[in-house]
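> what's the 3D shape of this:
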Amino acid sequence: MPAIPTVPPPEGCIDTQVLGHVLLIGINRPAKRNGWTPKMFRELGEAYTRLDDEPGLRVGVLHAFGDHFTAGLDLPAVAEYMKRGEKAIPEGLVEPHDFGLPGYRRRTKPMVVAVKGICFTVGIELMLGADIVVAADNCRFSQMEVQRGIMATGGATLRMAERAGLGNAMLHLLTADEFGSAEAYRLNFVQKVVPAGQELDEALAIAQRIAAQAPLAVVATRLNVLKAIEQGPAAAVDEFIPVQQKLANSEDAAEGVRSFVERRPARFTGR
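Here you go, the predicted model:
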């Protein structure tokens with residue numbers, strides 16, 4: 001189970017913890033309902049980059065301390081960045097929203113998110129930028145940027161329509177209404193809804209099941225799915241033979257055959 005979080009500074013922080021092959025990434029500013037500051041964004045980018053760079057890490061789990069995932073941006077803290085057209089995440093890091101901004105890396109390893117309580121604006125965009133989302137049944141979602149005179153620029157305008165269709169995306173983006181976990185599940189924004197308090201355990205269980213698979217195959221599969229979504233089926237199909245050939249010649253593929261013949265769980269190394 002995750003350790004007790006560190007006591008965060010007033011501007012919050014991102015806590016990380018390694019559990020086997022899983023990197024737990026904790027949003028830690030519960031006194032302010034995990035409102036996002038520039039420091040937190042920078043540290044989140046660093047945590048996502050660590051996940052991709054450390055060979056022993058295979059899956060990330062993003063979660064939050066306190067009762068809520070996040071109330072969104074701490075607008076006074078980030079307003080100057082917006083006015084200057086700057087991002088708080090330094091270039092060269094993995095960009096957690098994962099929509100391919102110039103100057104940033106894109107994540108290759110899977111990310112599972114556990115959300116609970118209030119999950120507004122950037123919280124929705126971070127979960128939509130991940131791969132699998134587990135929601136507590138007490139979640140309150142809202143993409144409320146239009147209430148503040150700004151636009152959602154963390155991926156909601158792309159991914160809400162992709163997941164739920166144009167009309168459903170427009171309904172929630174343009175009204176800034178609040179909706180619950182059942183609606184988020186209906187719209188394919190989340191993949192599982194569990195009783196409040198169980199969301200992190202379920203997300204961690206999913207991550208550990210992913211981490212038990214062959215790491216090279218997991219990354220290749222994830223990237224091929226994204227290529228199909230972003231560039232079309234033909235681009236994804238073009239990769240089938242060369243990627244499969246590379247995977248088939250890996251040590252893990254050989255271990256997969258051996259474990260099948262010997263009727264035992266595979267012991268994958270990521271090579």
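> Give me the pLDDT value at residue 3.
Listed pLDDT for residue 3 reads 65.
> quick one, strands of the protein?
Ranges of strands in the chain, per DSSP state E, are 13-19, 22-28, 59-64, 111-115, 118-120, 132-136, 140-142, 179-180, 192-194.
> Just the mean pLDDT for the first one, thanks.
What strand 13-19 shows for mean pLDDT is 97.
> all helices of the stretch 101-250 of the chain, in order?
For the stretch 101-250 of the chain, the helices defined by DSSP state H, counting those that start in this stretch cover 122-128, 156-164, 166-175, 181-186, 199-211, 215-231, 233-238, 240-248.
> any chance of the ones you listed in CSV, plus mean pLDDT?
Formatted as CSV, these follow (pLDDT from 0 to 100):
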stretch, mean pLDDT
helix 122-128, 98
helix 156-164, 96
helix 166-175, 98
helix 181-186, 98
helix 199-211, 98
helix 215-231, 97
helix 233-238, 97
helix 240-248, 96
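> Single out the most deeply packed of those.
When the helices of the stretch 101-250 of the chain are scored by mean count of other CB atoms under 10 Å, the highest mean neighbour count falls to helix 122-128 (a mean of 27). For glycine as for every other residue, the C-beta is placed from the backbone atoms N, C-alpha and C.
> Report all helices and strands that that one contacts.
For helix 122-128, the packing partners by 3 or more CB pairs under 8 Å, 6 or more residues apart in numbering; DSSP states H and E come out as strand 111-115, strand 140-142, helix 156-164.
> List just the one of those that sits closest to residue 38.
Of all the helices and strands packed on helix 122-128, helix 156-164 sits nearest to residue 38, with 20.3 Å by CB to CB.
> Can you give the contact residues for that closest one?
99, 124-125, 128-129, 143, 151, 168-170, 172-173, 187-189, 229 (CB atoms under 8 Å, 6 or more residues apart in numbering).
> Now flag whichever of those residues is closest to residue 47.
Set against residue 47, the nearest of these by CB to CB is residue 129 (13.9 Å).
> picking up where we left off before, quick one, which of the helices and strands packed on helix 122-128 is nearest to residue 87?
Proximity to residue 87, assessed across these by CB to CB, is greatest for helix 156-164 (16.1 Å).
> Let me know the angle separating the closest one from helix 166-175.
Put simply, helix 156-164 runs at 140 degrees to helix 166-175, going by axes from the mean of the first three to the mean of the last three CA atoms, to 10 degrees.
> re the thing from before, quick one: closest of the helices and strands packed on helix 122-128 to residue 57.
So among the helices and strands packed on helix 122-128, strand 111-115 is nearest, using CB to CB, at 11.3 Å.
> name the helices or strands packed onto the closest one?
strand 59-64, helix 122-128, strand 132-136, helix 199-211.
> My guess is residue 6 contacts residue 28. True?
Yes: Residue 6 is within contact range of residue 28, at 6.8 Å (criterion: CB atoms under 8 Å).
> Could you name every residue contacting both of these two?
Residues touching both residue 6 and residue 28 (CB under 8 Å, 6+ apart) are 13, 15.
> who's more crowded, those two?
Between residue 6 and residue 28, counted using other CB atoms under 10 Å, residue 28 has the larger neighbour count: 21 against 11.
> Compute the number of surrounding residues for the closest residue in space to residue 258 that isn't next to it in sequence.
Using CB to CB, 6 or more residues apart in numbering and skipping the chain neighbours, the partner closest in space to residue 258 is residue 266 (7.9 Å). When neighbours are counted by other CB under 10 Å, residue 266 registers 16.
> How about the contacts made by residue 266?
Counting by CB under 8 Å, 6+ apart, residue 266 has contacts 214, 252, 255, 256, 258, 259.
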